[in-house]
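Engineer: give me coordinates for this.
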Amino acid sequence: MKRNLAILFILLSLININLFGQNTAAQNRIIKVDYNKTSGALNTMFKECIGAGRANEGLRADWQQQLAMTKKECDFKYIRMHGLLSDDMAVYREGSKGNPEYNYQYIDALYDFLLSIKIKPFVELGFMPSALASGKETIFWWKGNVTPPKDYKKWEDLIRNLTQHFTERYGAEEVKTWYFEVWNEPNLSPGFWTGTQAEYFKLYEYAARGIKSVNPAYKVGGPATAGAAWVPETIDFCVKNNIPLDFISTHTYGVKQGFLDEFGTTGTVLNKEESSISGDVINSRNQISNSAKPKLELHYTEWSTSYTPSDPIHDSYHSAAYILQKLKQVGNAANSMSYWVFTDIFEEAGPRFTPFHGGFGLLNTQGIKKPAYFSYSFLNKLGETELQNKDTSSWATKNGKGNVQLLFWDFTNTHPGDSVNNQTYYIQDLPSKPKGTVKIEVEGLQKGNYTLEIYKVGYKVNDAYADYLAMGKPSQLTKEQVKSIKEKNNGTLIAAEKITINANGTFNKDFKINENDVFLLNFVKL
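Structural biologist: Modelled structure (predicted):
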């Protein structure tokens, strides 16, 4: 009887292996590329834009220091943020007779800094200055007014005056390269907008008129909606009413259960759908292609695993592979994918009280690099020419120096399902399981000596949150603890080896890979 039970157990184990993929050998994959077979210039839409919380936070020294480092290592071209026109930026007031008074000293300080580090503003026009607002409804701890203007002509005048100021300060040729986006998520009413869709379109029309009156070449767009909404409606409205529209912008996040969590109190669940994020982007591109303006640029000005500022997946090593997987799936569908956001210096729900709290940032408040940060710093190390590559979870590139770069990963959604919130699951220690071997085959390499540089992100490798857990999750970090975590999670090489490529120009190497590991190989010609 015991023998029969043993045989039955073995059979069941084999069935389990076949059905559920536990046999890692069955999951081995080959990434085969040829130095001489290219597919064109690498599409760098992933680093076109990055998000930040609100404009006033950009006046802080630590925010600016973190952005300068991020620019240097990830090379984002634009930055987008809320609250440019909110009261804490001191932009607008009215005199005793109701005449507008404009002030751009705070904006100048912020934009001067951005341009000094060679990052351009993706100008989000919002929220409503209280002196121009029709109501008192606000959003966030810092009270951004979300009501329509009491006077649309004064709104247009403000936008015209601001645009003229930008032109005088930075020059028309510079401002032509900027994007002006009208408002943020007006479809989330009354959260971000107390008006109707028709009132948003009116807001957009007056803003577009103000911008184009300064220079018709300046780029204006919207609707900056949550959940990829209002794209056909915005195009139809602008076409029917002959209103300028240079680009479409919208947002998407990778969780279920809604699109607005102002104070970070909602439980979220990472979406298991393979088409999460990418499906929205591709659908938006199709909507544009089938419209009366089929050539419009498409900018996803917010995206991330989760829409809440209290989701521990943002801190988890799982995010690194997730980001790369979704960007790869999007392909050429978007002109930019602006990750929300670069830093946890972010106060929508008020100042946060712990160093790791599931904040949106690639960096935490102290400037510690989270695993998600390395997705972008690794992408920035890729060469300018993409190599032909059939593997769907990797990029292969080369540069003009004869060097080859190969970025590959495993994304495995280990979330247990709808019965468990991210806020419960991702705060745990979550060891990664083996996923077999990746066989790398590179052909056509130039004969000679190389240094093979190997970078990695994964469980307990450039995994700051794991170190924070090991410290017992202190509510505050000492200077020594911050220094220790930063030194251990700085993205430097995990290995470097000398290799010699002979006359056949071929390199082969096997890499064992675990769930949600990310590897970057850099072949440096000596």
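
Engineer: okay, CA-based contacts and neighbour counts for the rest of this
Structural biologist: Fine.

Engineer: is the closest residue in space to Thr397 that isn't next to it in sequence in a bridge, and if so with what?
Structural biologist: With sequence-adjacent residues excluded and distances taken as CA to CA, 6 or more residues apart in numbering, Thr397 is closest to Glu386, at 4.3 Å. With DSSP bridges as the criterion, Glu386 is bridged to Gly40, Thr397.

Engineer: burial measure for Glu386, as a count.
Structural biologist: Residues near Glu386, counting by other CA atoms under 10 Å, number 23.

Engineer: could you check how far it is from Asn399?
Structural biologist: 9 Å (CA to CA, to the nearest Å).

Engineer: I'd guessed the residue nearest to Thr397 sits against Asn36; true?
Structural biologist: No. Using CA atoms under 8 Å, Glu386 makes no contact with Asn36, being 10.5 Å away.

Engineer: residue closest to the middle of the chain?
Structural biologist: The centroid of the chain falls nearest to Tyr339 when counting by CA atoms, centre = their mean (1.3 Å).

Engineer: and the pLDDT for that residue?
Structural biologist: Here the pLDDT value assigned to Tyr339 is 98.

Engineer: quick one, what contacts the residue nearest to Arg54 when sequence neighbours are not counted?
Structural biologist: Spatial nearest neighbour of Arg54, excluding adjacent residues (CA to CA, 6+ apart): His82 at 4.4 Å. Going by CA atoms under 8 Å, 6 or more residues apart in numbering, His82 touches 52-55, 124-127, 184.

Engineer: what distance do you get for His82 to Leu493?
Structural biologist: Relative to Leu493, and taking CA to CA, His82 is found at 36 Å.

Engineer: show me where the stretch 51-200 of the chain has helices.
Structural biologist: For the stretch 51-200 of the chain, the helices defined by DSSP state H, counting those that start in this stretch occupy 61-74, 105-116, 152-170, 172-175, 197-214.

Engineer: pull the third one out as CSV, backbone CA atoms only.
Structural biologist: The reference is to helix 152-170. What follows is helix 152-170, C-alpha atoms only, in CSV (Å, rounded to 0.1, in the frame of the first residue of the first chain):
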residue,chain,number,x,y,z
TYR,A,152,-12.9,81.9,-18.8
LYS,A,153,-11.5,85.1,-20.4
LYS,A,154,-9.4,85.7,-17.3
TRP,A,155,-8.2,82.0,-17.5
GLU,A,156,-7.2,82.6,-21.1
ASP,A,157,-5.4,85.8,-20.3
LEU,A,158,-3.5,84.0,-17.5
ILE,A,159,-2.4,81.3,-19.8
ARG,A,160,-1.5,83.8,-22.6
ASN,A,161,0.5,85.9,-20.1
LEU,A,162,2.3,82.9,-18.7
THR,A,163,3.2,81.7,-22.2
GLN,A,164,4.4,85.1,-23.2
HIS,A,165,6.6,85.2,-20.1
PHE,A,166,8.1,81.8,-21.0
THR,A,167,8.9,83.1,-24.5
GLU,A,168,10.5,86.3,-23.2
ARG,A,169,12.6,84.4,-20.6
TYR,A,170,13.6,81.3,-22.5
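
Engineer: so what's the residue count around Ser275?
Structural biologist: Using other CA under 10 Å: Ser275 sits among 15 other residues.

Engineer: tell me the pLDDT of it.
Structural biologist: The model's pLDDT for Ser275 equals 95.

Engineer: how many neighbours does Asp467 have?
Structural biologist: 18.

Engineer: before we move on, what about Ala372?
Structural biologist: 27.

Engineer: show the backbone phi and psi for it.
Structural biologist: Main-chain torsions, Ala372, degrees, to the nearest 10: phi -60, psi -30.

Engineer: any idea how far it is from Tyr206?
Structural biologist: 39 Å.

Engineer: could you pull out the helices for the stretch 351-500 of the chain?
Structural biologist: 371-379, 422-425, 464-470, 479-488.

Engineer: for the third one, buried residues please.
Structural biologist: It refers to helix 464-470. 464-468 (16 or more other CA atoms under 10 Å).

Engineer: what residue ranges in the protein are flagged as low confidence?
Structural biologist: 1-27, 258-259 (pLDDT under 70).

Engineer: per-domain residue ranges of it.
Structural biologist: If you go by automatic domain parsing, the domain ranges for the chain are 26-41+386-525, 45-384.

Engineer: please work out which of those domains is packed deepest.
Structural biologist: Mean neighbours per residue, mean count of other CA atoms under 10 Å, is largest over those for domain 45-384, with a mean of 20.

Engineer: quick check: end-to-end length of that one?
Structural biologist: The first-to-last residue distance of domain 45-384 comes to 13 Å (CA to CA).

Engineer: can you check stretch 30-45 too?
Structural biologist: 26 Å.

Engineer: now do stretch 399-408
Structural biologist: Note: stretch 399-408 ends 18 Å apart using CA to CA.

Engineer: what is the closest residue to Ala496 other than its chain neighbours paired to in the beta sheet?
Structural biologist: Distance criterion CA to CA, 6+ apart; nearest residue to Ala496, sequence neighbours excluded, is Glu453 at 4.6 Å. Beta-bridge pairing of Glu453 under DSSP bridges involves Ala496, Asn522.

Engineer: list the contacts of Glu453.
Structural biologist: 493, 495-497, 520-524.

Engineer: how about 10 Å then?
Structural biologist: 405, 492-498, 520-524 (CA atoms under 10 Å, 6 or more residues apart in numbering).

Engineer: same check on Lys479?
Structural biologist: Per CA under 10 Å, 6+ apart, neighbours of Lys479: Gln366.

Engineer: can you give me the strands in the stretch 251-400 of the chain?
Structural biologist: 255-256, 269-270, 297-304, 336-339, 385-387, 394-398 (DSSP state E, counting those that start in this stretch).

Engineer: which one of the ones you listed lies closest to Asn283?
Structural biologist: Of all the strands of the stretch 251-400 of the chain, strand 297-304 sits nearest to Asn283, with 11.1 Å by CA to CA.

Engineer: partner strands of that closest one, with direction?
Structural biologist: strand 247-253 (parallel), strand 336-339 (parallel).

Engineer: got the CA coordinates for that strand in CSV?
Structural biologist: Extracted C-alpha coordinates of strand 297-304, given in CSV (Å, rounded to 0.1, in the frame of the first residue of the first chain):
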residue,chain,number,x,y,z
GLU,A,297,1.5,62.2,-30.8
LEU,A,298,0.5,60.0,-27.8
HIS,A,299,1.9,60.7,-24.4
TYR,A,300,1.1,58.7,-21.4
THR,A,301,1.9,61.3,-18.8
GLU,A,302,1.3,59.0,-15.9
TRP,A,303,1.8,55.3,-15.5
SER,A,304,3.0,52.9,-12.8
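
Engineer: before we move on, back to that, I'd say the residue nearest to the centre of the chain and His314 touch.
Structural biologist: No. In this structure, Tyr339 is not within contact of His314 by CA atoms under 10 Å, at 11.4 Å.

Engineer: just give the closest residue to Ser310, not the sequence neighbours.
Structural biologist: Closest to Ser310 by CA to CA, 6+ apart is Gly358, at 4.4 Å.

Engineer: Ile313 versus the one you found, what's the distance?
Structural biologist: In terms of CA to CA, Gly358 sits 7 Å off from Ile313.

Engineer: could you point out which of the strands of the stretch 251-400 of the chain sits nearest Gly144?
Structural biologist: strand 297-304 (18.1 Å).

Engineer: ok now that closest one, how far from the chain's centre?
Structural biologist: Computed by CA atoms, centre = their mean, to the nearest Å, the chain-centroid distance of strand 297-304 equals 8 Å.

Engineer: thinking again about what came up before, want to try TSV for the helices of the stretch 351-500 of the chain, with distance to Gly444 as columns?
Structural biologist: Rendered in TSV, the data for the helices of the stretch 351-500 of the chain read as follows (distance: least, CA to CA, whole Å):
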stretch	distance to Gly444
helix 371-379	23
helix 422-425	45
helix 464-470	38
helix 479-488	36
